[in-house]
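Novice: need a structure here:
(one chain, ligands or ions: 1)
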Amino acid sequence: MQNYFLNFSRSPKVAWCTSVGPAELLRSFGFEVYFPENHGALLGTTRKAVDYIPAAVKCGYSGHICSYTTSDIGAFLSDETPLRTHYGLEKIPKPDLIVYNTNQCREVEDWFTFFSKQFNCPIAGIHPPRYLDDVGKAEVELVIKQFKEIIPACERASGNKFDIDRFKEALKLSRVATILWQKVLRTAVASPAPITFFDGTIHMGPIVVLRGTQVAVDYYKTLLEELENNVSNNIGCLKEEECRLFWDGMPIWGRLRMLSDLFLQNNTAVVASTYCNSWIFDDFDENNPFESSALAYTKIFINRSENAKMEFFKRWIHDYGIDGVVFHDSKTCFNNSNAKFGLPQRLTEETGLPALVIEGDLCDTRFFSDGQSITKIESFLEQIDGQKAYL
Ligand code: SF4
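Specialist: Numbering: from 1, shown residues only. Okay, the predicted model is just below:
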């Protein structure tokens, strides 16, 4: 990650991109790609977000909208960044082009538009249809058109002509990395699982910021080898698992350690999550780069209907042998919280699995209560234990 950040001082052209935006297309023009959401996560994990959010609120951004957005804008207005302390970068990388995809939320458009004005930088967006049961030909064709429409802006900002072979090459590297990442996550099908959701939130760094590069491929090859070796030797995060949980929604970045320890102390492995699975794009096909990118980026979980999400949940629950689901109802991320319209209750009705909703936030720790959450989680684990004993 340090090498990745230091590259910005060497790279002639920088494009900003949303975390599930068209990174491969941008890389094909030779841009070094920067992801503001990753910066938001750094502000959350370093627990600095709450220091900066007030500056964004003062500027007119509500404290109840995406705390990646507000902490990132606030840090910029305060002229501060954890990249300085941790990676030696004076400032966040200055963009030559800003590109977003609203497949995850509309917030990214507002957030990136703020920076486009601040840096007087061109901005381009992809706006796929949202909340889909199925992703069909019509939706894919619309998104292909939007992908192609951003090419002139990429050419102007990079000074390079579009080269289909470079696009295919970046997509191929991304496909290989994303399949390896999928295999990494699936090692947790084993019991005891060699990796948990909390490990995943750290190991996902390269699949977010370095997909489309050989570095990401090499990283996940090494990681997969180690995890498969652990599975063969029966080495898990826990010696013996009493309970296997699924985590839905955003990580609570400022409380990763506390939550990870809490579950492990209770002999519970959180083995899978919607969040870490968000960077699996197994539809990528370098022989069909536009169509497969449009399909993969439109099909993602967060962009789907409640019906489609229910099917995703059922598959994960079955594949990972899940005993219960924790829904993180994030105060400032409406889009990646699935506890607001009765999905936990419906899931319990359809699968018989218990579900727990905990209130919190991705970055704004003022919305998270340690005491209340610990009590709720421990009672939930007792409930699962009781149900298992009864069975
Ligand atoms: S999905 Fe949620 S956390 Fe991510 S940028 Fe959108 S509102 Fe923020």
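Novice: The ligand contacts on the stretch 151-300 of the chain?
Specialist: Residues of the stretch 151-300 of the chain lying close to the ligand (C-beta under 6 Å from any ligand atom) are M250. (Glycine included, C-beta is placed from N, CA and C.)
Novice: Tell me which stretches of the stretch 151-300 of the chain form strands.
Specialist: 243-248, 268-273 (DSSP state E, counting those that start in this stretch).
Novice: wait, doesn't N277 sit right on L185?
Specialist: Yes: with contact defined as C-beta atoms under 8 Å, N277 counts as touching L185 (6.6 Å).
Novice: Of those two, which one has the most company?
Specialist: L185 (25 against 18; other C-beta atoms under 10 Å).
Novice: what's the spacing between the residue lying closest to the more buried one once chain neighbours are set aside and the ligand?
Specialist: Distance criterion C-beta to C-beta, 6 or more residues apart in numbering; nearest residue to L185, sequence neighbours excluded, is C276 at 5.8 Å. For C276, the distance to the ligand (C-beta to the nearest ligand atom, to the nearest Å) stands at 14 Å.
Novice: Compute the first-to-last residue distance for stretch 189-200.
Specialist: 14 Å (C-alpha to C-alpha, to the nearest Å).
Novice: Contacts for it next, please.
Specialist: With contact meaning C-beta atoms under 8 Å, 6 or more residues apart in numbering, stretch 189-200 is reached by 184-185, 187-188, 203, 227, 230-231, 234-241, 244, 247, 251, 256, 259-260, 263, 269-273, 275-276, 319-321.
Novice: One more pass at 7 Å, please.
Specialist: 184-185, 187-188, 227, 230-231, 235-241, 244, 247, 256, 259-260, 269-273, 276, 319-321 (C-beta atoms under 7 Å, 6 or more residues apart in numbering).
Novice: chain center to it, what's the gap?
Specialist: 17 Å (C-alpha atoms, centre = their mean, to the nearest Å).
Novice: i'd like the first residue to be 22 from this point on
Specialist: In the new numbering, first residue 22, that becomes stretch 210-221.
Novice: in that stretch, what's buried?
Specialist: Buried positions in stretch 210-221, judged by neighbour count with 16 or more other C-beta atoms under 10 Å: 211-221.
Novice: now swap in stretch 25-35 and tell me
Specialist: 25-26, 29, 32, 34-35.
Novice: CA atoms only: put that stretch into CSV for me.
Specialist: Provided in CSV are the C-alpha atoms of stretch 25-35 (Å, rounded to 0.1, in the frame of the first residue of the first chain):
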residue,chain,number,x,y,z
TYR,A,25,0.9,2.3,-4.2
PHE,A,26,0.6,5.7,-2.5
LEU,A,27,4.2,6.7,-3.2
ASN,A,28,3.6,6.0,-6.9
PHE,A,29,1.4,9.1,-7.1
SER,A,30,4.4,11.3,-6.6
ARG,A,31,6.0,9.6,-9.7
SER,A,32,2.9,9.3,-11.9
PRO,A,33,2.3,12.0,-14.4
LYS,A,34,-1.4,11.6,-14.5
VAL,A,35,-3.9,10.8,-11.8
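Novice: Please state the offset of that stretch from the chain centre?
Specialist: Distance of stretch 25-35 from its chain centroid, counting by C-alpha atoms, centre = their mean, is 22 Å.
Novice: and the residue of the stretch 172-321 of the chain at minimum distance from the ligand, what is it in contact with?
Specialist: Residue nearest to the ligand within the stretch 172-321 of the chain (C-beta to the nearest ligand atom): M271, separated by 5.9 Å. Listed by C-beta under 7 Å, 6+ apart, the contact partners of M271 are 296, 349, 351, 354, 357, 383.
Novice: make it 6 Å
Specialist: Contact partners of M271, counting by C-beta atoms under 6 Å, 6 or more residues apart in numbering, are 351, 354, 357, 383.
Novice: pLDDT weak spots in this structure?
Specialist: Within the chain, the ranges that satisfy pLDDT under 70 run 411-412.
Novice: if we can go back for a sec, could I get the strands of the stretch 172-321 of the chain in TSV, plus columns for mean neighbour count and distance to K330?
Specialist: Formatted as TSV, the strands of the stretch 172-321 of the chain follow (neighbours: other C-beta atoms under 10 Å; distance: least, C-beta to C-beta, whole Å):
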stretch	mean neighbour count	distance to K330
strand 264-269	24	9
strand 289-294	27	13
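Novice: Out of the ones you listed, which gets nearest to L316?
Specialist: For the strands of the stretch 172-321 of the chain, the distance to L316 is smallest for strand 289-294, at 22.9 Å, taking C-beta to C-beta.
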